[in-house]
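got a structure for you, letters missing:
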């Protein structure tokens, strides 16, 4: 027997019991012969004392080092009142060792995992030795929170009548917006499976099969570029689909889950109940983002008409002029505005950031010299300005203007400490455009999920400009993150053919790519809707963590590499030959 108890459960009710603990040596102190050992496992820490009179156990204890794994048997003793450690759950007792055995020795660690903060260790080193990094208490808490969250989600879904169904991992390639990971077939040379970007087609087929309420915690694989809120390569999502519900009915059924996770599990406060509903264009125009952080105001205002009517050339010819009025922003120095804030705007394509300050009833500094008094008075009235603020402008094409100023909005809020970390602002973003124009090629492409139902159905696709067609789609957003995309699904093959023809896919190609789903529509397909919140992003929001790799047990690094396992890596040429594959090196 390696243990009768964990290192976090003993207290004075266990006094005089003989117990066995196993764990890692967290600390070891020799105080003139009497050795104290803090023994740790994921449940907590128990202090072990080894008396020099117990020569066998004492000899073992003298040879212990940091992170050795040991087994200790002894008697539980209540500590004197003045010796109680109130910081430990086991602080009322200690274990007097009778027997001690080293189960595993540890070499010197590549980095300290308890005595220094993680910020002092390079991330790639942490990921190379992730099994050590995961011993740290914050990381263990994150992983255990994930288990609690998923358990809560599963129970909620079952209580609502949803059934868990696993869908295939090896499937067909599908143009769903990201690159596929391809898997060569040995039995069918020259052909490939694809790892699922999402179980989208399968869950719609399950609806046709009559499983009206489906869910799974689904693995999804996408060959995307890494970023702070995206796990490279793979992630998990709460994949849900239901039949015979409108989007509003479905949303009402799901919202309580997020309030429970916010308040009961994370111990935070939901900003509004029910969710706020914001049309896509309103979100972009007011906040400069389709996933705005609503915990603070700082709304964007449109001053295009005013600016076009001035003699300032930058504004006079601009397609769109947006401004943020920042109360208390008069504290920003010229250098902070021109370097830090303007730098944020330029990251999203803005040529620069114009600004003025409004102090003691006067617009001054920045670009104020380019405007006459009538212009200034008009702006003060238009924006209902109050003293001691800074005005930050971007003049550009509409999308560049709103998105770049939206980034500035986020930066300013953090800089001025306007964000309540204990608040989660849930919202639905609705009325998304069905299509958008590729800025590089000028071609029309799907804006979101290609399987969504266009609002207005076939008639809208036939009669409207594609860029004016809206989809019956809805995103869940919170605190600046998109957690889920969802939609009412297209279950009419004629609408499907027309929707894909607009982006250049003919009927034959649609039949080839989505044959199973198109075929199923012929045999009685119900109206359905669903969504798929990302598990990792949901954890980021609930825990207030900025880096998604902190909530993933074994993540890839920023170059999509698994440094611990050495993936991706080369394979034996014999394996490639068996698959009929030859690797050709790209010329630099």
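Nice, I can see it. Everything numeric here is computed off the predicted structure, so don't read it as measured data.

mind listing the strands for the stretch 51-200 of the chain?
With strands called from DSSP state E, counting those that start in this stretch, the stretch 51-200 of the chain shows them at 69-78, 93-104, 163-164, 182-184, 192-194.

with mean neighbour count and mean pLDDT added, can I get those in CSV?
All C-beta atoms are positioned from the backbone trio N, CA, C, and that covers glycine. As requested, the strands of the stretch 51-200 of the chain are exported to CSV (neighbours: other CB atoms under 10 Å; pLDDT from 0 to 100):
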stretch, mean neighbour count, mean pLDDT
strand 69-78, 19, 97
strand 93-104, 18, 97
strand 163-164, 12, 98
strand 182-184, 14, 93
strand 192-194, 17, 94
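
as JSON lines, the ones you listed with distance to residue 461 would be great.
Output for the strands of the stretch 51-200 of the chain, formatted as JSON lines (distance: least, CB to CB, whole Å):
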{"stretch": "strand 69-78", "distance to residue 461": "64"}
{"stretch": "strand 93-104", "distance to residue 461": "65"}
{"stretch": "strand 163-164", "distance to residue 461": "34"}
{"stretch": "strand 182-184", "distance to residue 461": "31"}
{"stretch": "strand 192-194", "distance to residue 461": "27"}
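
who touches the nearest residue to residue 128 once chain neighbours are set aside in this structure?
Distances taken as CB to CB, 6 or more residues apart in numbering place residue 563 nearest to residue 128, at 4.3 Å, with adjacent residues excluded. If a contact means CB atoms under 8 Å, 6 or more residues apart in numbering, then residue 563 has 124, 127, 128, 557 as its contacts.

which strand is the longest one in the chain?
Longest among the strand segments of the chain by residue count, using DSSP state E, is strand 18-31.

re the thing from before, nearest to residue 238, of the strands of the stretch 51-200 of the chain?
Nearest to residue 238 among the strands of the stretch 51-200 of the chain is strand 163-164 (10.9 Å), distances taken as CB to CB.

care to break this structure down by domain?
According to automatic domain parsing, the chain comprises the domains 12-104, 140-277+426-552, 297-405.

need the ones you listed in TSV with distance to residue 285, can you?
Formatted as TSV, the domains of the chain follow (distance: least, CB to CB, whole Å):
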stretch	distance to residue 285
domain 12-104	48
domain 140-277+426-552	13
domain 297-405	6
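
packing partners for the strand or helix carrying residue 401?
Secondary structure from DSSP states H and E places residue 401 in helix 398-415. Contacts defined by 3 or more CB pairs under 8 Å, 6 or more residues apart in numbering; DSSP states H and E place helix 398-415 against helix 280-287, strand 300-302, strand 320-327, helix 342-347, strand 389-396.

hmm, back to that, distance between the longest strand of the chain and the chain's centre?
38 Å (CA atoms, centre = their mean, to the nearest Å).

with stretch 335-353 instead?
How far stretch 335-353 lies from its chain's middle: 26 Å, per CA atoms, centre = their mean.

and it, average pLDDT?
Stretch 335-353 shows a mean pLDDT of 95 in the predicted model.

and if you look at stretch 202-216?
What stretch 202-216 shows for mean pLDDT is 96.

residues in contact with that stretch?
Residues outside stretch 202-216 that contact it (CB under 8 Å, 6+ apart) are 157, 160-168, 171, 196, 199, 238-244, 451, 489, 491, 516-517, 520-521, 523-526, 528, 530.

repeat that for 7 Å
Applying CB atoms under 7 Å, 6 or more residues apart in numbering, the contact partners of stretch 202-216 are 157, 161-168, 238-244, 451, 489, 516-517, 520, 525-526, 528, 530.

just the buried ones from those residues?
With neighbours counted by 16 or more other CB atoms under 10 Å, those contain buried members at 157, 162, 165, 167, 238-243, 451, 489, 517, 520, 525, 528, 530.

hmm, back to that, and the helix or strand just after the helix holding residue 401, how far out from the chain's middle?
Following helix 398-415 in sequence order, the next helix or strand is strand 423-424 (DSSP H and E). The chain centre lies 15 Å from the centre of strand 423-424; the measure is CA atoms, centre = their mean.

just stretch 199-208 next, same as before
With CA atoms, centre = their mean, you get 25 Å for stretch 199-208.

cool, stretch 287-304 as well?
The chain centre lies 21 Å from the centre of stretch 287-304; the measure is CA atoms, centre = their mean.

and it, what's buried?
Under the neighbour-count criterion of 16+ other CB under 10 Å, stretch 287-304 has 287-296, 298, 300-304 buried.

just the terminal-to-terminal distance for it.
16 Å (CA to CA, to the nearest Å).

give me the residues contacting it.
Stretch 287-304 is contacted from outside by 271, 276, 280, 283-286, 318, 320-324, 326, 379, 382-383, 402-403, 405-407, 409-410, 412-413, 418-420, 423, 425, 427, 429, 475, 477, 479-482, using CB under 7 Å, 6+ apart.

any of those buried? List them.
271, 280, 283-286, 318, 320-324, 326, 379, 383, 402-403, 405-407, 409-410, 412-413, 418-419, 423, 425, 427, 429, 475, 477, 479-482.

so which elements touch the longest helix that the chain contains?
Using DSSP state H, we find that the single longest helix of the chain is helix 137-159. Using 3 or more CB pairs under 7 Å, 6 or more residues apart in numbering; DSSP states H and E, the elements in contact with helix 137-159 are helix 247-260, helix 535-543.

in the stretch 201-350 of the chain, where is pLDDT below threshold?
Within the stretch 201-350 of the chain, no stretch has pLDDT under 70.

and residue 327, how close does it get to residue 358?
Between residue 327 and residue 358 the computed distance is 10 Å (CB to CB, to the nearest Å).

need the residues touching each of the two.
The contact sets of residue 327 and residue 358 overlap at residue 389 (CB under 7 Å, 6+ apart).

the two - which one has more neighbours?
residue 358 (24 against 15; other CB atoms under 10 Å).

the more buried one sits in which helix or strand?
Applying DSSP H and E, one finds residue 358 within strand 354-359.

check the offset of that strand from the chain's centre.
Distance, centroid of strand 354-359 to centroid of chain: 36 Å (CA atoms, centre = their mean).

which helices and strands does that strand pack with?
strand 362-364, strand 389-396.

packing partners for the first one?
Put plainly, it is strand 362-364. Taking 3+ CB pairs under 7 Å, 6+ apart as contact, the helices and strands that strand 362-364 lies on are strand 354-359, helix 373-383.

highest mean neighbour count out of the ones you listed?
strand 354-359 (a mean of 22; mean count of other CB atoms under 10 Å).

who are the contact partners of residue 407?
288, 344, 345, 347, 348 are the contacts of residue 407 under CB under 7 Å, 6+ apart.

kindly recompute the last result at 6 Å.
Shown in contact with residue 407 (CB atoms under 6 Å, 6 or more residues apart in numbering): 344, 348.

can you check the pLDDT for it?
Predicted confidence (pLDDT) for residue 407: 97.

distance-wise, check it relative to residue 349.
Distance check for residue 407 against residue 349: by CB to CB, it reads 10 Å.

again with residue 515
Noted for residue 515: a distance of 40 Å to residue 349, by CB to CB.

if you count surrounding residues, which of these two has more?
Shown here are residue 515 and residue 349; by other CB under 10 Å, residue 349 has more neighbours (15 against 12).

got phi/psi on residue 105?
phi -90, psi 160 (degrees, to the nearest 10).

hang on, the earlier thing: for the residue nearest to residue 128, phi and psi?
phi -70, psi -20.

just the residues contacting the longest helix of the chain, thanks.
Applying CB under 6 Å, 6+ apart, the set of residues contacting helix 137-159 from outside is 42, 133, 215, 217, 238, 257, 265, 539, 551, 553.
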